[in-house]
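Novice: Got a predicted model here, sequence first, then my questions.
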Amino acid sequence: MTSISATSSYSPYTYTYANGASGTATATGSGTSGSSAATTLTLSDAALAAMNQPGFASVVAAARSTLDALLANGAKPADVDLGQLDRRQLYAVAANAEGKFSADEQAAAKTEQQRRLDATLAGPFAVARVTDDVEGIYTAALAWLDGASTEEKSTPAWSSQRAALLEAQKQLAANPDKTPQVDGDIVADYIQRITAGDDPTTLRDFSAVASDARAALDAQYAAARAAGKTLTFSGTQKSGQPVDFSQFDSRSLAAIALDQDNKFSPQEVFAAKQAMAQRSSSTILAGLRSAASDPASFAKNLISAYASMSPEERSAAGWSDQLYSAAVQSYNTAASIAQIFGDSTASPGQSSALSLLDTLNAQDAGNSTSMNLASYLGG
């Protein structure tokens, strides 16, 4: 495996079945005999999704409108929250689509694009620091590129970046102990920056995030009043309009839950804390499900999730340094046990690793003061 050390801390249209895609298109053509024949073409999920997307002109207009609102009070593009733009809109700004965006706006959009990519790689990188295996970072980077819009995929930059990642993966497969050497490798660039002490995921000022969260909540209050209702924060309240936290990213929700600047009411804070707890539980459950019965995989999922969160998100969700340390210890213990016994001891269809709770309890046997991940999650 390639070791890591750090000084700091396509066309979407196909004519084959894909994932049980439904939806058909019928085309009529003339055969050599002059008769007409109907041909049924089955579109993939990607094709159906692409057909339902707004035209790029609409995307550009929406991006311009959102930026105008953000910059209405004389704010500079570099200082506003471009997280309000979806990936396609952000690409439109960065690429200066239709010539509607200034140089400063383009620069800010490119910075936000890099920030999002870096945030995507942060979790897999944290796992690689524990496992000494960088393959997961390349898998995450490829998934990120493949999630781009059709417009972005048509650019030479996208094609060259993807080709570089595939070549790097090929080199890794041929020699796992050697670092890939490929021009344009965005994973290598990320690793070099972070190991050099750079902070690739510089976060927006938390007070500014709280101010935006306050404004977003106030907008929900206004919408409720306009509908003749009251904004409610408890599921026990049958009347009124329930608050919608689904549009808040986790850092904005954490700003309400922590209320460091005293901008929110106790009712708002309590509701935000509940919402953060629900998101935290969902993350843990998703990690458990994807890991099946393998405690090492579950520990890797927790390490990745922990590293992907901002300090404020961890605080609001109750994810302490103890949790990270316990997850790392759990991975090391489970991996060691699996290596000792090997897959030959496993029954068909079963994992060779011990159960999650057994592994975690085994690592703390005879040490009542040691942090135990199972007890932490249970407490």
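Specialist: The structure has been received and is ready for your questions.

Novice: Can you give the domain ranges for the protein?
Specialist: Per the record, the chain has its domains at 56-195, 220-379, by automatic domain parsing.

Novice: For Arg214, find the nearest of these.
Specialist: Ranking the domains of the chain by proximity to Arg214 (C-beta to C-beta) places domain 220-379 first, at 4.8 Å. Where you see a C-beta, it was placed from the backbone N, CA and C, and this is true even at glycine.

Novice: So for that closest one, mean pLDDT?
Specialist: Summarised as a single mean, pLDDT over domain 220-379 is 74.

Novice: the strands in the stretch 1-150 of the chain, which residues?
Specialist: Remark: strands assigned in the stretch 1-150 of the chain by DSSP state E, counting those that start in this stretch are 24-30, 36-42.

Novice: Kindly report the same for the stretch 201-350 of the chain.
Specialist: Under DSSP E, counting those that start in this stretch, the stretch 201-350 of the chain gives strands at 231-232, 241-242.

Novice: ok so, going back, could you tell me the least trusted of the strands of the stretch 1-150 of the chain?
Specialist: Of all the strands of the stretch 1-150 of the chain, strand 24-30 has the smallest average pLDDT, which comes to a mean of 36.

Novice: For the lengthiest helix in the chain, which residues meet the burial criterion?
Specialist: Using DSSP state H, we find that the single longest helix of the chain is helix 103-131. By neighbour count on 16 or more other C-beta atoms under 10 Å, the buried set for helix 103-131 is 105, 108-109, 112-131.

Novice: same for that helix, what does it pack against?
Specialist: Taking 3 or more C-beta pairs under 8 Å, 6 or more residues apart in numbering; DSSP states H and E as contact, the helices and strands that helix 103-131 lies on are helix 87-94, helix 135-146, helix 186-195, helix 295-308, helix 321-341.

Novice: Tell me which of those helices lies nearest to Gln241.
Specialist: Here helix 87-94 is closest among those (C-beta to C-beta), at 27.5 Å.

Novice: Which elements pack onto the closest one?
Specialist: Taking 3+ C-beta pairs under 8 Å, 6+ apart as the contact cut, helix 87-94 packs with helix 56-70, helix 103-131, helix 150-153.

Novice: Which among these is found nearest to Lys76?
Specialist: Between those, helix 103-131 lies closest to Lys76; by C-beta to C-beta that is 6.9 Å.

Novice: Run through the helices of the stretch 201-350 of the chain in chain order.
Specialist: 206-226, 250-258, 266-291, 295-308, 311-317, 321-341 (DSSP state H, counting those that start in this stretch).

Novice: Turn these into CSV, columns for distance to Asp79 and mean neighbour count.
Specialist: CSV is the format used below for those (distance: least, C-beta to C-beta, whole Å; neighbours: other C-beta atoms under 10 Å):
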stretch, distance to Asp79, mean neighbour count
helix 206-226, 8, 15
helix 250-258, 16, 24
helix 266-291, 25, 16
helix 295-308, 24, 24
helix 311-317, 19, 20
helix 321-341, 31, 18
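
Novice: export the ones you listed to a markdown table and tack on distance to Glu167?
Specialist: Formatted as a markdown table, those follow (distance: least, C-beta to C-beta, whole Å):
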| stretch | distance to Glu167 |
| --- | --- |
| helix 206-226 | 39 |
| helix 250-258 | 35 |
| helix 266-291 | 28 |
| helix 295-308 | 25 |
| helix 311-317 | 35 |
| helix 321-341 | 29 |
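
Novice: For the residue nearest to Ala277 when sequence neighbours are not counted, give me its contacts.
Specialist: Setting aside the residues directly before and after it, Ala277 is nearest to Ala317 in space (C-beta to C-beta, 6 or more residues apart in numbering), at 7.1 Å. Taking C-beta atoms under 8 Å, 6 or more residues apart in numbering, we find Ala317 in contact with Ser250, Ala254, Met276, Ala277, Arg279, Ser280, Met309.
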